[in-house]
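# here is my input, please return the structure:
(chains A and B)
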There are 2 protein chains.
Amino acid sequence: MVKPFGKVLCAAGSLAVLLAFFWRDTFQPEPDRVVQFAVRKLGGLDYLVLNHIGVSPFQMWGGDVEHTRWLMQVNFFSYVALATAALPTLEENHGSVVVVSSLTGKIPTPFTTSYSATKFALDGFFGSLRHELTMQRRNVSITLCVLGLIDTDAALEKTRGKVFLAASPAAEAALAIIRGGASRLRELFYPWWLQPVHGLWVLLPNPRVLQSFYNYSGP
Amino acid sequence: MVKPFGKVLCAAGSLAVLLAFFWRDTFQPEPDRVVQFAVRKLGGLDYLVLNHIGVSPFQMWGGDVEHTRWLMQVNFFSYVALATAALPTLEENHGSVVVVSSLTGKIPTPFTTSYSATKFALDGFFGSLRHELTMQRRNVSITLCVLGLIDTDAALEKTRGKVFLAASPAAEAALAIIRGGASRLRELFYPWWLQPVHGLWVLLPNPRVLQSFYNYSGP
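Okay, here's the model as predicted:
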């Protein structure tokens, strides 16, 4: 049931470059142009891996709604626009959309108001779209990847001294994302134990325990 | 532990009028002005009940990202802006923010891509903010209200022939919202059985069963 990996890395790489090229700082969407370019160069897409995020501070909510609006554009609206533009070629190839999210997109955590909002929004939108594709018998899978803290430089730098959690290796996370997408899973949790953690949070939420993993020594 | 209801209805009513007056169709936020007006007229706020929504079609995703963007402004950003503006007066009064959401803000459902995204975003943002208020010992509660199908004219009209679910009475829903806010609950499900339904969806999701409650007879 595993589809060939042929174009997945290639497409992810190309799209990353294209996004950097076309969108630069403003991240205004030109999704049709980006997808058309990718289709022209690759002859079609099997996988669309959506993984980019905007930089957001890891701190208490300070009231900057404009930042939230900008982050929603980068982390959410651009995902929606790119997936919409790519749906026809993905449908032709019985392809897959892979949406990279975070535990913070399943369980709200401190210091991440805006980021959580954008990642939760992805769950709502793409979860609903997944139902609709099934009901319309359009054979495009959607995989939501729920990642924990990953040991990229950016993530470690941002959370240093504020989170008491071990980080997981980025290379393993990348492999888990590719496997989840290729297996057409509905949701992929990495590390795996985030899935029971999420179930426990829904059934028996304990905010004090969750907060104890975060360091806040403010006023 | 139940706070006096004094200003809750009054505030909700005043805000509804103010929103209609200041925001009209564009729904551009003037949250400071709205909250200042309410504080001047009422001498402070105990409760902020956020309940307005923009009209969105109940249909399969058609690619209209601009509609999604507009709906996010009305259903999400305006909530964030109003709550932010009201936090100081709510903190003074050990008050409450009541955020009205939907089952579709916990479980993605068909025909609601954009709407689900906005309601999920509320869960992420206000769930994270709730942690932060606790950690800062700021005594403002946040209640997320998860409502099922309610028998308002608008909701029944919109879902007619498309959803096989019984609607619950709007008056009971309103009472449940007020009770949930006054009891400073973290989350309130109405009807109550939506909570186990949500737990079941997280532990043992069955998309086919969920989809069987929706009628789609398209191409």
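
# give me the low-pLDDT residue ranges for chain A?
A:1-29, A:218-219 (pLDDT under 70).

# just the helices in it please.
A:8-23, A:31-42, A:65-72, A:78-92, A:113-135, A:153-159, A:170-182, A:194-203, A:207-211 (DSSP state H).

# does the longest one reach chain B?
Yep, that's helix A:113-135 we're talking about. Yes. With C-beta under 8 Å from any C-beta of the partner chain as the criterion, chain B is reached by helix A:113-135 at A:113-114, A:116-132, A:134-135. No exception for glycine: its C-beta is placed from N, CA and C like everyone else's.

# could you identify the buried members of the residues you listed?
A:113-114, A:116-132, A:134-135 (16 or more other C-beta atoms under 10 Å in any protein chain shown).

# tell me who's in contact with the closest residue to A:Gly161 other than its chain neighbours.
Ranked by C-beta to C-beta, 6 or more residues apart in numbering or on different chains and with sequence neighbours excluded, the top spatial neighbour of A:Gly161 is A:Asn215, at 6.2 Å. In this structure, A:Asn215 makes contact with A:Gly161, A:Lys162, A:Val163, A:Phe164, judged by C-beta atoms under 8 Å, 6 or more residues apart in numbering or on different chains.

# am I right that A:Leu87 is in contact with A:Asn139?
No. Here A:Leu87 lies out of contact with A:Asn139, judged by C-beta atoms under 8 Å, at a distance of 11.4 Å.

# looking at the two now, which is surrounded by more residues?
Shown here are A:Leu87 and A:Asn139; by other C-beta atoms under 10 Å in any protein chain shown, A:Leu87 has more neighbours (20 against 15).

# center of chain A - which residue?
By C-alpha atoms, centre = their mean, chain A has its centre lying nearest to A:Val100, at 2.2 Å.

# identify the residues contacting that residue.
A:Val100 neighbours (C-beta under 8 Å, 6+ apart): A:Val49, A:Leu50, A:Asn51, A:Cys145, A:Leu147, A:Ile177.

# which of those fall in strands?
A:Val49, A:Leu50, A:Cys145, A:Leu147 (DSSP state E).

# TSV for those, including distance to chain B?
Below are these laid out as TSV (distance: C-beta to the nearest C-beta, whole Å):
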residue	distance to chain B
A:Val49	20
A:Leu50	14
A:Cys145	16
A:Leu147	15
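
# list the contacts for A:Val163?
A:Leu149, A:Phe213, A:Tyr214, A:Asn215.

# sorry, back to before: would you mind finding the most buried of the helices of chain A?
helix A:113-135 (a mean of 26; mean count of other C-beta atoms under 10 Å in any protein chain shown).

# so what does it touch, helix or strand wise?
Contacts defined by 3 or more C-beta pairs under 8 Å, 6 or more residues apart in numbering or on different chains; DSSP states H and E place helix A:113-135 against helix A:65-72, helix A:78-92, strand A:96-102, strand A:141-147, helix B:113-135, helix B:207-211.

# and the contacts of the second one?
For helix A:78-92, the surrounding residues in contact (C-beta under 8 Å, 6+ apart) are A:15, A:23, A:27, A:29, A:31-32, A:34-35, A:39, A:44-46, A:48, A:50, A:52, A:95-97, A:99, A:122, A:125-126, A:129, A:138-140, B:61, B:63, B:65, B:68, B:117.

# ditto for the last one
Contacting residues not belonging to helix B:207-211 are listed as A:Arg130, A:His131, A:Thr134, A:Met135, A:Arg186, B:Ile107, B:Thr109, B:Pro110, B:Trp201 [C-beta under 8 Å, 6+ apart].

# columns distance to A:Leu156 on top of these, output as a markdown table?
What follows is the contacts of helix B:207-211, written out as a markdown table (distance: C-beta to C-beta, whole Å):
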| residue | distance to A:Leu156 |
| --- | --- |
| A:Arg130 | 32 |
| A:His131 | 37 |
| A:Thr134 | 39 |
| A:Met135 | 42 |
| A:Arg186 | 30 |
| B:Ile107 | 34 |
| B:Thr109 | 37 |
| B:Pro110 | 40 |
| B:Trp201 | 34 |
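
# so what's A:Ser101 up against?
Per C-beta under 8 Å, 6+ apart, neighbours of A:Ser101: A:Lys119, A:Leu122, A:Asp123, A:Leu144, A:Cys145, A:Val146, A:Leu147.

# ok, now with 6 Å
By C-beta atoms under 6 Å, 6 or more residues apart in numbering or on different chains, A:Ser101 lies in contact with A:Lys119, A:Leu122, A:Leu144, A:Val146.

# contacting residues for the residue lying closest to it once chain neighbours are set aside?
In space, and not counting its chain neighbours, A:Ser101 is closest to A:Lys119: 4.7 Å by C-beta to C-beta, 6+ apart. Contacts for A:Lys119 were tallied using C-beta under 6 Å, 6+ apart; they are A:Ser101, A:Ser102, A:Thr104, A:Gly105.
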